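1. Predicted model follows, preceded by the sequence.
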Amino acid sequence: MSGKETAPPVNPTEEVGSGGSSGTSSFPADKKKEKTRVSRTSLILWHTHQNDASSVRKLLQEDGNLVNARDYDNRTPLHVASLHGWTDVAKYLLEYGADVNAQDRWKNTPLADAEGAKKHSVIELLKSHGGLSFGQNGSHFEPKPVLPPLPNKCDWEIDPFELDFSTSSVIGKGSFGEILKAFWRGTPVAVKRILPSLSDDRLVIQDFRHEVKLLVKLRHPNIVQFLGAVTDRRPLMLITEYLRGGDLHQFLKEKGSLSPSTTINFALDIARGMAYLHNEPNVIIHRDLKPRNVLLVNSNADHLKVGDFGLSKLIKVQNTNDVYKMTGETGSYRYMAPEVFKHRKYDKKVDVFSFAMILYEMLEGDPPLSNYEPYEAAKFIADGHRPTFRAKGYIPDLRELTEHCWAADMNQRPSFLEILKKLEKIKDSITPDHHWHLFAQ
């Protein structure tokens with residue numbers, strides 16, 4: 001919940017920050033040094049994550065300054081070793097002068113990470129070197145009362161006794177709670193309920209408050225409607241409209257590839273909701289756009305809404321070209337933009353990439369790279385590959401739009417307003433009797 005990920009850092013074989021140039025002969029000496037340094041930073045973080053003590057020691061012998069290298073989240077090799085409990089690697093790092101109380105972007109020290117992960121041998125090692133516990137995971141934290149999400153909440157605070165769970169059913173589950181279909185004043189609603197055991201967890205409550213704050217502000221026909229929340233009592237609950245059609249993931253699983261008109265109409269609904277979220281200057285980056293988070297209003301499948309804003313971020317845009325330092329590997333691997341997987345800086349175009357993967361799935365009928373495990377699929381994408389189109393004979397403009405949206409360079413991806421214009425143009429050009437023609441590879 002602190003935003004920390006345990007997946008590996010950027011692949012060290014990549015030249016991070018190379019500026020897009022494939023050659024090195026034209027680089028001045030200082031530029032060459034900068035390229036090599038960034039790559040070596042990735043190497044030490046990678047080898048630390050892999051618990052490769054000999055490689056870490058070799059790198060430190062070659063360049064002692066690498067001991068306090070930092071990734072985009074300000075995490076040092078000692079943070080990585082502490083989180084995973086790699087005692088031998090941590091010893092080498094400390095021998096070479098690692099800052100035992102370095103703080104990452106969440107203000108966590110290595111000891112706080114080790115305590116959060118319950119890595120007892122590393123905890124003792126760090127304490128013996130003067131390690132202190134600071135940050136969100138530190139043992140020094142005392143429970144503090146959590147304020148309501150908004151000071152003026154009378155319009156949306158719901159009395160839990162108004163919720164009828166007598167005929168409720170579970171429609172979704174997650175690490176921190178479950179989503180149930182229930183009734184509120186006689187109306188079917190979806191209730192995200194935090195597990196009672198986590199209702200006093202500071203970080204869980206923080207994320208819950210964050211999602212409520214976002215949803216209170218959203219008003220759009222292609223965004224799941226927020227109805228209210230229970231913040232005064234336990235368990236904490238978030239109430240939204242209930243959509244009878246289920247999610248797009250299940251729909252595609254049952255239907256397979258969709259007709260041109262259905263694909264375009266679905267894509268238009270998703271793009272309209274996302275264009276609303278991306279409206280500047282208050283941009284909301286969804287960061288977990290995938291078929292499970294796109295809901296069908298009814299069983300007729302004639303209208304879609306974007307939902308689940310648990311990982312979304314509200315960003316105040318100062319400049320149209322702003323990019324942000326945000327948590328790497330946030331979201332679902334199969335639909336994840338390569339820059340997120342690589343822990344690079346990114347912006348709202350990560351949602352455009354995820355949209356492309358959904359569009360591909362609607363065209364093909366199968367999830368992108370369905371023969372890969374999710375993490376392996378994300379790594380394959382990050383290495384520059386893309387899913388293969390198998391269907392033949394369908395509208396080239398849709399394939400072209402998909403490829404445009406999953407461009408490796410996020411600056412080359414269109415905005416959702418541009419996507420809407422393109423989809424409307426494609427919709428006007430197709431005939432009602434156009435069908436897919438599927439052929440095996």
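-> Great, that's in hand.
2. pretty sure Phe341 contacts Ala377?
-> No - counting by CB atoms under 8 Å, Phe341 stays clear of Ala377, with 10.0 Å between them. Where you see a C-beta, it was placed from the backbone N, CA and C, and this is true even at glycine.
3. shared neighbours, those two?
-> Residues touching both Phe341 and Ala377 (CB atoms under 8 Å, 6 or more residues apart in numbering): Tyr333.
4. who touches the host helix or strand of Glu400?
-> Per DSSP states H and E, Glu400 falls inside helix 396-405. Helix 396-405 has contacts (CB under 8 Å, 6+ apart) with 260, 263-264, 352-353, 355-356, 359-360, 363, 386, 389, 412-414, 419, 422-423, 425-426, 429.
5. Restricted to helices, list those.
-> Counted as lying in helices by DSSP state H, out of those, are 260, 263-264, 352-353, 355-356, 359-360, 363, 419, 422-423, 425-426, 429.
6. which of the residues you listed count as buried?
-> 260, 263-264, 352-353, 355-356, 359-360, 363, 419, 422-423, 426 (16 or more other CB atoms under 10 Å).
7. picking up where we left off before, among the ones in helices among the contacts of helix 396-405, which one lies nearest to Asp201?
-> The shortest gap between Asp201 and any of the ones in helices among the contacts of helix 396-405 belongs to Phe353, at 31.7 Å (CB to CB).
8. Quick check: the closest one touching Arg413?
-> Yes - using CB under 8 Å, Phe353 is in contact with Arg413, at 6.6 Å.
9. hey, where'd the strands end up in the chain?
-> All strands of the chain, identified by DSSP state E, fall at 163-173, 177-184, 187-194, 226-230, 237-241, 282-285, 294-296, 304-306, 313-316.
10. do you know how far Asp207 is from Ser429?
-> Asp207 is 44 Å from Ser429, where distance means CB to CB, to the nearest Å.
11. Please read the previous query as pertaining to Phe251.
-> 25 Å.
12. Take the helix holding Glu400, keep the C-alpha atoms, and write them as PDB.
-> The C-alpha trace of helix 396-405 is given here as PDB (Å, rounded to 0.1, in the frame of the first residue of the first chain):
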ATOM      1  CA  PRO A 396      -7.100  -1.300 -41.400                       C
ATOM      2  CA  ASP A 397      -7.900   2.000 -39.700                       C
ATOM      3  CA  LEU A 398      -8.700   0.200 -36.400                       C
ATOM      4  CA  ARG A 399      -5.400  -1.700 -36.500                       C
ATOM      5  CA  GLU A 400      -3.500   1.500 -37.400                       C
ATOM      6  CA  LEU A 401      -5.200   3.300 -34.500                       C
ATOM      7  CA  THR A 402      -4.200   0.400 -32.100                       C
ATOM      8  CA  GLU A 403      -0.600   0.500 -33.200                       C
ATOM      9  CA  HIS A 404      -0.600   4.300 -32.900                       C
ATOM     10  CA  CYS A 405      -1.900   4.100 -29.300                       C
END
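13. returning to that earlier point: between Phe353 and Arg413, what contacts are shared?
-> In contact with both Phe353 and Arg413: 405-406, using CB under 8 Å, 6+ apart.
14. I'd like the buried ones among the ones in helices among the contacts of helix 396-405 as JSON lines, with distance to Tyr92 and pLDDT appended.
-> Formatted as JSON lines, those follow (distance: CB to CB, whole Å; pLDDT from 0 to 100):
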{"residue": "Pro260", "distance to Tyr92": "59", "pLDDT": "85"}
{"residue": "Thr263", "distance to Tyr92": "54", "pLDDT": "93"}
{"residue": "Ile264", "distance to Tyr92": "57", "pLDDT": "95"}
{"residue": "Val352", "distance to Tyr92": "42", "pLDDT": "97"}
{"residue": "Phe353", "distance to Tyr92": "38", "pLDDT": "97"}
{"residue": "Phe355", "distance to Tyr92": "44", "pLDDT": "98"}
{"residue": "Ala356", "distance to Tyr92": "43", "pLDDT": "98"}
{"residue": "Leu359", "distance to Tyr92": "47", "pLDDT": "96"}
{"residue": "Tyr360", "distance to Tyr92": "45", "pLDDT": "96"}
{"residue": "Leu363", "distance to Tyr92": "50", "pLDDT": "93"}
{"residue": "Ile419", "distance to Tyr92": "49", "pLDDT": "98"}
{"residue": "Lys422", "distance to Tyr92": "54", "pLDDT": "97"}
{"residue": "Leu423", "distance to Tyr92": "55", "pLDDT": "97"}
{"residue": "Ile426", "distance to Tyr92": "57", "pLDDT": "94"}
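15. which two in these are spaced the farthest apart?
-> Farthest apart among these - using CB to CB - are Pro260 and Phe353, which lie 22.6 Å from each other.
16. Apart from its neighbours in sequence, what residue is nearest Leu420?
-> Ala271 (5.1 Å; CB to CB, 6 or more residues apart in numbering).
17. Brilliant, that's me finished.
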